[in-house]
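Q: here's a sequence, model it:
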Amino acid sequence: GVYVGYPLKASSTVTINIDRQKFKLYTVGDTAWVEDAKMEVKLVAAMRKGRRMVIRGTSKRGTNTTDTYSLNGFTRAHLAINRACKVK
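A: Sure thing, here's the model as predicted:
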């Protein structure tokens, strides 16, 4: 899940854009979730290959939010996490 740090609008979606790929996630409280494991694999693959990630959502108060993140170093960090957790 993607933790945004504030309550999201009930029954809303969060959109993640990574370079030219777009993902829609459903919301629960202050977190956005992918629909299934297949989508999670695609999202992580896009994060590993991408340069920039933009997350857009709507807060519980109705404020439209946009957060932008550099993905530089994500692949190295993801590999380190997988090694530490013994994920193949």
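Q: just the helices in this protein please.
A: Using DSSP state H, the helices of the chain run over 37-49, 74-84.
Q: flag every buried residue along stretch 65-80.
A: Neighbour counts over stretch 65-80 (16 or more other C-beta atoms under 10 Å) mark 71, 74 as buried. For the C-beta atoms, the positions are set from N, CA and C on the backbone; glycine is no exception.
Q: which one of the helices of the chain lies nearest to residue 65?
A: Across the helices of the chain, the minimum distance to residue 65, taken as C-beta to C-beta, is reached by helix 37-49, at 18.9 Å.
Q: who does the closest one touch, helix- and strand-wise?
A: For helix 37-49, the packing partners by 3 or more C-beta pairs under 8 Å, 6 or more residues apart in numbering; DSSP states H and E come out as strand 13-18, strand 21-28, helix 74-84.
Q: ranking these by mean neighbour count, which comes first?
A: Ranked by average neighbour count under the criterion mean count of other C-beta atoms under 10 Å, the helices and strands packed on helix 37-49 are headed by strand 13-18 at a mean of 19.
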